[in-house]
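[1] Take a look and give me a structure for this.
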Amino acid sequence: QGCMCIYTGRPINITDLFDGSNMVDIEHTLPRSQTFDDSMENQTLSYAYINREVKQNLLPSQLDNYDDILQRIKPWQEKVKRLENVCNYWSKRVKSAPDKNKKDEAIRQRHYWRMELDYWRGKVNRFTMKEIPSNYRNNQLVDTSIISKYIYHFLKSVFGKVSVQKGSTTATFRKLFGLQATDEIKDRSTH
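    Okay, here's the model as predicted:
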């Protein structure tokens, strides 16, 4: 954040973070009460007063000083563009690698930079969102993780041997067994 509160533009000193006065909050850019999104992309340092008294459960785009906020996240938007170029560069290096070692290194670099790009793209997206899409809930992964943990032990007590599979494998089986059309996108509203 460049040592500043994105909402006010005021500097946040390191002492403000750890002095015990609760001057600074880790706030949720998209209100957690509406999205259940507790990801790093959705967490921002802000002055507690702004978070608790001004922003509350609003999106950044609903604040009176939104134009100022957009100016403060311009460096993030520029970073996203640079990271897109870096990812493209490493994707080309993967295809043109002369040997396995160089290809493996290019693949590692591509994954690393894509992870960085996804983070910053998500951060910018949360600050530029005008409304929360009706199907946007980040709690699905958290809920799935909790459910999986408990159902695994239950199924193991019934069947003895249970194998955990990736979501992509489950998606393939849904389509193979006709539970979902092959060209259909999964709709999370019909759990």
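[2] what's the lowest-mean-pLDDT helix or strand in the chain in contact with?
    Ranking every helix and strand in the chain by mean pLDDT, DSSP states H and E puts helix 139-159 at the bottom, with a mean of 73. Here helix 139-159 makes contact (Cβ atoms under 8 Å, 6 or more residues apart in numbering) with T35, F36, D37, D38, V162, V164, R188. For the C-beta atoms, the positions are set from N, CA and C on the backbone; glycine is no exception.
[3] Which parts of the protein are strands?
    When secondary structure is read from DSSP state E, the chain shows strands at 24-28, 43-47.
[4] Buried residues of the first one, list them for me.
    Translated: strand 24-28. By neighbour count on 16 or more other Cβ atoms under 10 Å, the buried set for strand 24-28 is V24, D25, E27, H28.
[5] can you give me the angle it makes with strand 43-47?
    140 degrees (axes from the mean of the first three to the mean of the last three Cα atoms, to 10 degrees).
[6] which other residues reach strand 24-28?
    Around strand 24-28, the neighbours that count as contacts under Cβ under 8 Å, 6+ apart are 5, 12, 16-17, 35, 37-38, 42-48, 51-52, 55.
[7] Indicate each strand paired with it and its parallel or antiparallel sense.
    The pairing partners recorded for strand 24-28 under DSSP bridges are strand 43-47 (antiparallel).
[8] Output the strand it pairs with as PDB, nothing but the C-alphas.
    Output of strand 43-47 as PDB, limited to C-alpha atoms (Å, rounded to 0.1, in the frame of the first residue of the first chain):
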ATOM      1  CA  GLN A  43      -7.600  -7.300   3.200                       C
ATOM      2  CA  THR A  44      -6.400  -3.700   3.400                       C
ATOM      3  CA  LEU A  45      -4.800  -1.600   6.100                       C
ATOM      4  CA  SER A  46      -6.900   1.400   6.900                       C
ATOM      5  CA  TYR A  47      -7.300   3.800   9.800                       C
END
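[9] ok now that strand, how far from the chain's centre?
    Chain-centre distance of strand 43-47: 16 Å, with Cα atoms, centre = their mean, to the nearest Å.
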